[in-house]
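S.K.: Attaching a predicted model along with its sequence, questions to come.
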Amino acid sequence: MSEPVTIILVFLGVMVVTTVVFAVWLVATVIKLVSRGIAALVRPGGGGRSLLRPEYECPRQSCRQTNPSSAKFCRRCGKELLRSELMVQDRNREMRRAAAWL
């Protein structure tokens, strides 16, 4: 009679420990996500695309992958991103931005 009771109590104990561990993990994950969201809003350039860090398209017609300004090679095709080509793109972007204000 005591053996089935012991098995049930052990099973319930394992369930309780598992529930507590999951709850702690869930709370820690929510706190981490909220803190990252607040940090992204407060810190300049904290998340996503930043206006301070421009991105450039690969000059290769078949690729056109968007790459960060710090990249020396395209992330998709591996073509070298020449600074002269990026400067032309930057000039075109500035002209479009100025035209949008008119």
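M.R.: Nice, thanks for sending it over.

S.K.: For residue 60, which three-state class applies?
M.R.: coil (DSSP: H, G, I helix; E, B strand; the rest coil).

S.K.: and the residue nearest to it when sequence neighbours are not counted, how many neighbours does it have?
M.R.: Leaving aside its chain neighbours, residue 60 sits nearest to residue 79 (5.1 Å; criterion: Cβ to Cβ, 6 or more residues apart in numbering). Just so you know, the C-beta spots here come from the backbone N, C-alpha and C atoms, and that holds for glycine as well. For residue 79, the count of nearby residues is 16 (other Cβ atoms under 10 Å).

S.K.: And residue 11, by the same measure?
M.R.: By other Cβ under 10 Å, neighbour count at residue 11 equals 10.

S.K.: C-terminal to the strand or helix carrying it, which secondary structure element comes first?
M.R.: If you go by DSSP states H and E, residue 11 is part of helix 2-42. Moving toward the C-terminus from helix 2-42, the next helix or strand (DSSP H and E) is strand 55-57.

S.K.: what element comes up after that next one heading to the C-terminus?
M.R.: strand 66-68.

S.K.: in that following strand, what's buried?
M.R.: Within strand 66-68, the residues that qualify as buried are residue 67, counting by 16 or more other Cβ atoms under 10 Å.

S.K.: same thing with stretch 57-75?
M.R.: For stretch 57-75, using 16+ other Cβ under 10 Å, the buried residues are 58-59, 67, 71, 74.
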